[in-house]
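In: Provide a 3D model corresponding to the input given below.
(chains A and B)
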Amino acid sequence: MATTTPVGAFPSPYSIETPPGCEGWEEMYPYHAFFAPARREKDENRFWFWNSMHFPLPMSAFDVACIDSPYQAVGAWQNRVFAVPPAMGIDYRVVNGYIYISGNPVTDPAKIAERAEFFQRRAGHYYANWDELYARWREKVQALIDEVTNLRVPEMPEYEADEVMFDDARNSTFIDVLESYQRTLRLGELMWQQHFEFLLLGYGAYATFADLCKSNLPDIPDQHIAQMVAGIDVILFRPDAELRRLARLAIETGVDGAFVEGRSPEQIESELAGSEAGRAWLEELEQVKDPWFNMATGDGLTHDYTSWLDDPRIPYASLIGHIAALRAGEQIERPTEEIQRERDRLAASYRELLDEQARGPFDELLKLSRTVFPYVEEHKFYCDYWFLTRWWNKLREFGALLARHGYLEDREDIFQLGRHEVAAALDELVLMWATGGEPLGPHHWPPIVARRKQLLERLTQWTPPPALGVTPEAVTDPMTIMLWGVTTHRVQEWARAQGAEGNELIGAAASPGTVEGRARVIKTAGELADVREGEILVCTITSPAWAPIFSKIRAAVTDIGGVMSHAAIVCREYGMPAVVGTGRATAQIKTGQTVRVDGTNGVVTIVGEDPA
Amino acid sequence: MSWERSYGRALHELRAADAERFGGKSAGLGELIAAGIPVPPGFAISAAAFMAFLEGAGLGERVEAVLADLDPTDATAVADASRHLAEAMRSAPVPQELRAELARRYAELDAGSDAAVAVRSSALGEDSHEATFAGQQESYLWVRGADGVADAVRDCWVSLYSPAAISYRARLGAAGAAPAAMGVTVQLMVDAEISGVMFTCNPVSGDPSVTAINASWGLGLAVVGGEVTPDYYLVSKVTGEVLRQDVCSKDVQYVAGPERRGAVRTEVPAERREASCLDPGRLAELVELARSVHRHFGYHQDIEWAIDREGTLHVVQSRPVTAAPRPAQAPAATSAIALVMSTFGAAGPPGGGS
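Out: The predicted model follows:
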């Protein structure tokens, strides 16, 4: 995949300087995560791209668990279980807090042939028994969600309970605390294992269908391929569907007056609690919350993405929008029947245009793609949203425990420590509880936390280049292409844009149409509440969890992502232009600027400065 | 006048099978009219008229003699031969019988008025599946009066022996002793505000699910002759979405000349140069037209169209697409699983080995 040229159009990973004031950022990350001198010859001659799709911001020390575990899991399935012939796992490196990744290819033909035998047998088994295996998968993941929800984080008692003495099966609290923490970490690892069990095969079936379409119909838009496959009644749309139902209910029962733009969820709820109809509505809301409010406010991979349960501002903003739209006489239902009809019409029309001999494979691959697609869409709800928001909350409980004993100032500070550092802090906590001695932790950890918070804030101001190392002649790694949308074409565009200022950004045309409007640059989920009616959302990657605010915006622009991404499909469903994979939109566009989004040709143009 | 001695036929009476007497263009227009496609009314002159002209003027043998000795790779010799034949043909009279028929049919076209017409060649062997003679024969636009039509018909015949046409046929091995035969198409002129060309597939990628459209201001000459870079639109036939749109700077156009005779090249007014010629409604109309034309013929077509100043869309020509590539084909009888395996770099079905 790499050429022999030492350094191409992208900077060498060894040439990146630490931004002023960020010296020592390395302390937040594992020793193996760097572009170290010992690996220079190899690392400098590889192609690395910024994984802004999953990690758009500098990573806090604890969140590295959501890099290590997924790459352990994806590598294990891809390289050691299925033995995907040309691709092993994915390496990552941290540069100024940002995550760069690169696949490890298999190039030896004999090795590829050896792996092909494994792959055919094992992947074949999965495809042949997909529905049954996937049903079992759901049970396994549901069990993990239940366990992480119910896991107890013990308090350190003055005296142990009697049972510790009389019941042989009961351990002392120090064991319980350590075990509970280890189990929490293990549950995260187990979830990541499940997360990737079907992912590669699911995406692979879909990618094959897309290839078949494109080789026979070279001009077919990616979104049409996605539309032919996408599920109609998928779990990811259910939370917003429930919000629309609640919006209708509010109007029907005459409590819609409480939903005023600018009010906080607490203000709205306190007004509702004042009337019988309002209380009935709140009861209905409680029914909906489990499981449908287990949506994350973003993609869930970092601790700041809490769930709607923790942060009801997003569902309430969406309720306010839906109610206003209903009052204005607008149709807010997702037109499922129409989507179904359009999906079938597209499939029939394209099939009709194919040559006779291509129709058989088209039918079979479309069927297989539709079989695997529920997993591709639903795993996000189960794993990335439902499980992870609960998992982060469980860790907050450990944060609270450490904070109660002065090891941290605030429970949130736990995320500034690496997971092994937290284990060390808990070790000391239970040791000092047991010995009654003088703990050092309260002196040791808070300064570290404060320094790291400052580092992260400063690193956020740095703009990472889209790629490092050599420009590959061709991107051949199937995972890089399927999961990240990083194709040869995209890399060439990034390379061309290196150093270019300009007011035009090129990306993938994800959803057609052209609009002009005020840009709103969003880097964290917390800023989502700032989005105003009619703005153009500019973000590193749109998460399907943001769908509710899509009713407010007029277009979406992202730094990374392919047209296969769910967010692109959601944009299409909302009939709004989208350009994805621009590489640098959040770096180049400023909130308040006027931008034109041409989702038909994949071009974003900055046409005016902020009048303010 | 007996049927046998009539050289003309109304376009709407023609069908594909008439191509061997009236040429591909006239027969194709007849087919389009039969399919309900909007084509400006007109009539066709058969190749027999051309033969009668050559015979009447005693030119048949001269043409054969000149071409028989010609080395088609010798540019000077080809140019000399072309000039020699053109002079001889221009000084020969159009037979009286044919003149009378042209006058009668021309008068019938627009109730005896001095209507403007387009006179185009409709060569036999032109516009076939195998080869397109695109641009090798002249068109005469904004022609008025019966005498003007007769002269334009003769000019079309002359164009059959332009240096380019001679070389082109020579390349196809058709420059032999027999003179090429040619029919002529006479149609009411479309006073085009916008015109262009469209393919019922993508001529570059071969994708059959899209229509590729070129459009520019004024008459189609500027687009066909490559004198402007026209606007380019790629439209999905499945959803009607505009998949690609390149609006170019179009600085010249052809419009009716002084006294609305002949076509002249003018500058496009500055405010229109950068403007898109077609809006979504027009594109939808063109795509629908492309679908109808393709459906009628059953194979992909290259269509010349024009929109007049009242906003009505007309087709002025349609011919088979000859050079579009075929997209890569999926290997026959390959299972979905085998294809998925190859996505992962593991070709062949499990256990089968391949």
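
In: what bits of the stretch 201-350 of chain B have low per-residue confidence?
Out: B:323-325, B:327-333, B:348-350 (pLDDT under 70).

In: Quick one: the strands in it, in order.
Out: Using DSSP state E, counting those that start in this stretch, the strands found in the stretch 201-350 of chain B span residues B:210-217, B:231-236, B:242-246, B:252-256, B:263-267, B:301-308, B:313-320.

In: swap in the stretch 1-150 of chain B?
Out: B:8-10, B:42-45, B:117-123, B:139-143.

In: Could you dump those strands into CSV with mean neighbour count and mean pLDDT added?
Out: (Each C-beta comes from the backbone N, C-alpha and C, glycine too.) Below are these laid out as CSV (neighbours: other C-beta atoms under 10 Å in any protein chain shown; pLDDT from 0 to 100):
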stretch, mean neighbour count, mean pLDDT
strand B:8-10, 18, 94
strand B:42-45, 27, 96
strand B:117-123, 26, 90
strand B:139-143, 23, 91
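
In: Turn these into CSV, columns for distance to A:F35.
Out: What follows is those, written out as CSV (distance: least, C-beta to C-beta, whole Å):
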stretch, distance to A:F35
strand B:8-10, 80
strand B:42-45, 74
strand B:117-123, 69
strand B:139-143, 67
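
In: Adding distance to chain A, write those strands out as JSON lines.
Out: Below are those laid out as JSON lines (distance: least, C-beta to the nearest C-beta, whole Å):
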{"stretch": "strand B:8-10", "distance to chain A": "36"}
{"stretch": "strand B:42-45", "distance to chain A": "34"}
{"stretch": "strand B:117-123", "distance to chain A": "32"}
{"stretch": "strand B:139-143", "distance to chain A": "31"}
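
In: quick one: which of the ones you listed is nearest A:R490?
Out: strand B:139-143 (45.7 Å; C-beta to C-beta).

In: strands paired with that closest one, and their directions?
Out: Strands adjacent to strand B:139-143 in the sheet, as given by DSSP bridges, are strand B:117-123 (antiparallel).

In: At the geometric centre of chain A, which residue sits there?
Out: A:D299 (3.1 Å; C-alpha atoms, centre = their mean).

In: Can you report phi and psi for that residue?
Out: phi -80, psi 0 (degrees, to the nearest 10).

In: Next one: it from A:I541, what distance?
Out: Going from A:D299 to A:I541 by C-beta to C-beta, to the nearest Å gives 7 Å.

In: Touching both of the two, which residues are there?
Out: Any residue near both A:D299 and A:I541 by C-beta atoms under 8 Å, 6 or more residues apart in numbering or on different chains counts here, and that gives A:H54.

In: Out of the strands of the stretch 201-350 of chain B, which is the most enclosed?
Out: strand B:210-217 (a mean of 26; mean count of other C-beta atoms under 10 Å in any protein chain shown).

In: Give the other helices and strands that that strand contacts.
Out: strand B:192-199, helix B:221-224, strand B:231-236, helix B:280-297 (3 or more C-beta pairs under 8 Å, 6 or more residues apart in numbering or on different chains; DSSP states H and E).

In: can you tell me which of those comes nearest to chain A?
Out: Of all those, strand B:231-236 sits nearest to chain A, with 6.3 Å by C-beta to the nearest C-beta.

In: orientation of that closest one relative to strand B:192-199 in degrees?
Out: For strand B:231-236 against strand B:192-199, the angle by axes from the mean of the first three to the mean of the last three C-alpha atoms, to 10 degrees is 50 degrees.

In: give me phi/psi at the residue lying farthest from the centre of chain A?
Out: Within chain A, the residue lying farthest from the chain centre (C-alpha atoms, centre = their mean) is A:F166, at 47.5 Å. Reported as degrees, to the nearest 10, the phi and psi values for A:F166 are phi -90, psi -20.

In: any idea how far it is from A:Y159?
Out: In terms of C-beta to C-beta, A:F166 sits 14 Å off from A:Y159.

In: Can you tell me which residues in the stretch 101-250 of chain A are near chain B?
Out: A:112, A:115-116, A:119-121, A:123-124, A:127, A:200, A:204-205, A:207-208, A:211-212, A:215-221, A:224 (C-beta under 8 Å from any C-beta of the partner chain).

In: Which of those residues fall in helices?
Out: Residues of those located in helices (DSSP state H): A:112, A:115-116, A:119-121, A:123-124, A:127, A:200, A:204-205, A:207-208, A:211-212, A:215-216, A:224.

In: In CSV, list the C-alpha atoms belonging to the helix or strand hosting A:G75.
Out: For A:G75, the host element (DSSP states H and E) is helix A:65-75. Only the C-alpha atoms of helix A:65-75 are listed here, as CSV (Å, rounded to 0.1, in the frame of the first residue of the first chain):
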residue,chain,number,x,y,z
ALA,A,65,-9.8,2.6,26.8
CYS,A,66,-12.1,3.2,23.9
ILE,A,67,-9.1,3.1,21.5
ASP,A,68,-7.3,0.1,23.0
SER,A,69,-10.3,-2.2,23.4
PRO,A,70,-11.9,-1.6,20.0
TYR,A,71,-8.6,-2.1,18.2
GLN,A,72,-7.9,-5.2,20.2
ALA,A,73,-11.3,-6.5,19.2
VAL,A,74,-11.4,-5.5,15.6
GLY,A,75,-7.9,-6.9,15.1
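
In: and it, does that touch chain B?
Out: No - using C-beta under 8 Å from any C-beta, we find that helix A:65-75 stays clear of chain B, coming within 14.2 Å at best.

In: Average pLDDT for that helix, rounded please.
Out: For helix A:65-75, mean pLDDT rounds to 96.

In: which of the residues of the stretch 101-250 of chain A next to chain B are buried?
Out: A:112, A:115-116, A:119-120, A:123-124, A:127, A:200, A:204-205, A:207-208, A:211-212, A:216-221, A:224 (16 or more other C-beta atoms under 10 Å in any protein chain shown).
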